[in-house]
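Undergrad: sequence and predicted model, in that order:
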Amino acid sequence: MDTETLLSNYACRGLFDDDKVTLSFWEVDRTVVGGVVPISTAVKLPAPGYLACRYFCQRRELGVMNLGGAGRVVLDGEEFALTLRDTLYVGRGTREVSFQSDDPSDPARFYLLSYPAHAEYPSMLVEASTIEPLELGSPDDCNERLLYKMICPGVVDSCQLVMGFTQLKTGSVWNTMPPHTHERRSEVYLYFGMEEGKAVFHMMGDPKETRHMILRNYEAALSPIWSIHSGVGVGSYSFVWGMGGENQEFTDMDGVAVDELR
């Protein structure tokens, strides 16, 4: 694949439009990735035809993370307030989902990730301030980072969805290095927190046939089960990670040593 073919198959760009929900369907694990920036009005989550559903969460669960100003998500009339990096789990069977910003001059920016669900679990708000992060990496390896598990076993009951975010410390540029694959689930990375003119070189592909995509602020990478997923930034950044598939155990991964990469 050349650059444009890689990007057209494995990158999600243009997810965040004002007053509009943008959704992208990926056939791997029937993933839906989306975003919305509500400005002047409440924006409702549609039910796209390719899901063949009466309402979006008829047979699906949904994770919503706020990457902007304060906002609210309303689920069947129940309101949840989300500040920066707060995450809402939306359970199967929720009929109406809408998004609002508290201040149009500093709007919320809601990132959406959804997978099919085989059972109904209650919707639940997870505030980022309540999560104790895992400290990973080291300064010597340029990958010192804080990992926040927002939707995962022990925090929120879900069918497939596992979701959180990672914040790199000052001076560190590598995420998830050494890399890994996981045969039992796919993953989506959404990069954020980048300044204008900065980018991340997202590494992907079979460990012995690696490729890269250059991604910028609020752009996502789709990572199939056979692909590594790592990246290096030319400045500070964070990323949302989310997974769906057969296993929710965070440590279920197949490591790849750096000297095995090609």
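TA: Perfect, I can see it now.

Undergrad: host element of Leu6?
TA: Secondary structure assignment for Leu6, by DSSP states H and E: helix 3-10.

Undergrad: can you give the distance from that helix to the centre of its chain?
TA: 19 Å (CA atoms, centre = their mean, to the nearest Å).

Undergrad: wait, Val74 touches Ala42, no?
TA: Yes. Contact between Val74 and Ala42 holds when scored by CB atoms under 8 Å: they sit 7.3 Å apart. C-betas here are computed from N, CA, C, even on glycine.

Undergrad: need the residues touching each of these two.
TA: Counting by CB atoms under 8 Å, 6 or more residues apart in numbering, the residues touching both Val74 and Ala42 are Ser98, Phe99, Gln100.

Undergrad: okay, now the second one: neighbour count?
TA: Translated: Phe99. For Phe99, the tally of surrounding residues (other CB atoms under 10 Å) stands at 27.

Undergrad: distance check, it against Tyr111.
TA: With the distance defined as CB to CB, to the nearest Å, Phe99 ends up 11 Å from Tyr111.

Undergrad: shared neighbours of the two, which are they?
TA: Between them, Phe99 and Tyr111 have Val64 as joint contacts when contacts are counted by CB under 8 Å, 6+ apart.

Undergrad: name every strand pairing with the worst-scoring helix or strand of the chain on mean pLDDT and say which way it goes.
TA: Among the helices and strands of the chain, strand 254-255 carries the lowest confidence by mean pLDDT, DSSP states H and E, at a mean of 90. Strand 254-255 has its sheet partners listed here by DSSP bridges as strand 180-181 (antiparallel).

Undergrad: need the next SSE after the partner strand, C-terminal direction.
TA: If you walk from strand 180-181 toward the C-terminus, the next helix or strand you reach (DSSP H and E) is strand 185-192.

Undergrad: please name every helix or strand in contact with that following strand.
TA: Contact analysis of strand 185-192 by 3 or more CB pairs under 8 Å, 6 or more residues apart in numbering; DSSP states H and E lists strand 31-36, strand 110-116, strand 200-206, strand 220-223, strand 238-245 as its packing neighbours.

Undergrad: make JSON lines from those strands and add mean pLDDT to it.
TA: Putting the helices and strands packed on strand 185-192 into JSON lines (pLDDT from 0 to 100) gives the following:
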{"stretch": "strand 31-36", "mean pLDDT": "98"}
{"stretch": "strand 110-116", "mean pLDDT": "98"}
{"stretch": "strand 200-206", "mean pLDDT": "97"}
{"stretch": "strand 220-223", "mean pLDDT": "98"}
{"stretch": "strand 238-245", "mean pLDDT": "96"}
